[in-house]
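>>> Just to be clear, the model below is a prediction. Sequence and coordinates:
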Amino acid sequence: MKIGILGAGQLGRMLAISGYPLNHKFGFSGNSNDEPSSLLGHMFALEDDADNIKHLIEFADVITYESENTDVEIVREINKNTPVYPGEKSLFTTQHRGREKTLFDQLNIPCAPYQMVNSRQDLIDAVEKISLPAILKTATDGYDGKGQFLMKDASQIDDAWENMNGVESILEGFVDFKRELSLIAVRGIDNDHKYYPLVENIHHDGILRLTIAPAQEIDPEVQKTAEHYMQTLLDEMNHVGVLTIELFETDSGLVVNEMAPRVHNSGHWSIEGANTSQFENHIRAISGMPLGDTTPTNEFSAMVNIIGKIGPTDIVLNMPNTHLHLYDKQERTDRKLGHINITASSAEELYNSINKLQDFLP
């Protein structure tokens, strides 16, 4: 099939790399000069966005997207003639934190208490209802810790609201958690579901830096609960493709934080660490192919993000069972430039490898 991707970043790049062995062709909408996907397929990068999308539609049998910030109106228009997966409902819901939380409530999926905020007075009222500490976030567009303000006491109300620059926001109650987890799953056009194991994520300054896969010491009932939440969401949104939910593990159970209707940074380990990567399974799902086995290929895997500077990659290339993935992006503060995947047969081997990669970790 000819697969169109709205966007041409590293996620599109890795989708194409996984899809070419399945005999698919790829086209991207983006800047052909410096995007990570620019040499991996047809680029539709005309100055006029309408023409850009028109030519992508003419090229593609099916279309997907890299980001939940994709314009819903564009997806709705494309879908009149060419199927777009995941569908409009998934995109519309996940690009707004208030709509996400409302859906969690409707489906009895535990999440942090929240209040929508559109003014300073709204924030004052929300603080009274939720109490502090709490986190004020923009309702849309925030990622990697951007658009967030941790409120510890009421004296920060003015600073917090000014930090939001007057945009619609959401105040979320602070969750006392033991660790951050995520679950990635894929749903096919035929309603087949596949789940990857829960993974543990470690962030620094709001950016994911290290993923351990599978997360260690996970009770099978916890995995089962996370999969139940995921299946409920997949089916409610009639989602086709990969869906990611980020969760907090607490003393009283799992609390869902947010979700993403796409392949996800915390699933990059699956390229070498699972029988079928999240990227290949997304391509399989949207093209109507049977879904692949998500079983890990090793007892232990990890993913280290390369942020800001590429660093001493020879260290990686000289290590066994360690795999370098660079995205062809220019160095810039806090920019995701690549990642390193590690596979291991024991926890000791895994953490020894991670320790050798300290130059890439904060």
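Good, I have the coordinates. Since we're looking at a predicted model, the values are computed, not measured.
>>> and the longest helix anywhere in the chain, what's its mean pLDDT?
Among the elements of the chain assigned as helix by DSSP state H, the one spanning the most residues is helix 220-236. Across helix 220-236, the average pLDDT comes to 98.
>>> Which helix or strand in this structure has the lowest average pLDDT?
In the chain, no helix or strand scores lower on mean pLDDT, DSSP states H and E than helix 49-59, which sits at a mean of 80.
>>> Check which helices and strands the helix or strand following that helix sits against.
Once the chain leaves helix 49-59, the next helix or strand it forms, by DSSP states H and E, is strand 62-65. If you count contacts as 3 or more C-beta pairs under 8 Å, 6 or more residues apart in numbering; DSSP states H and E, strand 62-65 packs onto strand 2-6, helix 278-286. No exception for glycine: its C-beta is placed from N, CA and C like everyone else's.
>>> the inter-axis angle of the very next helix or strand once past the shortest one versus strand 2-6?
Downstream of strand 2-6, the next assigned helix or strand under DSSP H and E is helix 10-19. Inter-element angle recorded for helix 10-19 and strand 2-6: 170 degrees (by axes from the mean of the first three to the mean of the last three C-alpha atoms, to 10 degrees).
>>> Pull out the buried positions in stretch 322-329.
Residues of stretch 322-329 classed as buried: 322-325, 327, 329 (neighbour count, 16 or more other C-beta atoms under 10 Å).
>>> Now for those residues: which two are most distant?
Considering C-beta to C-beta, no two members of the buried residues of stretch 322-329 lie farther apart than 322 and 329, which are separated by 20.6 Å.
>>> Need the per-residue pLDDT for the residue nearest the centre of the chain.
Of all residues in the chain, the one closest to the mean position by C-alpha atoms, centre = their mean is residue 264, 3.1 Å from it. According to the prediction, residue 264 has pLDDT 98.
>>> which stretches of the stretch 101-250 of the chain form strands?
Listed from the start of the chain, the stretch 101-250 of the chain has strands (DSSP state E, counting those that start in this stretch) covering 114-117, 134-138, 148-151, 169-173, 179-187, 193-195, 199-204, 207-213, 241-250.
>>> ok, back up a step: for the longest helix of the chain, which helices and strands make contact with it?
The elements that helix 220-236 packs onto, with contact taken as 3+ C-beta pairs under 8 Å, 6+ apart, are strand 179-187, strand 193-195, strand 241-250, strand 253-260.
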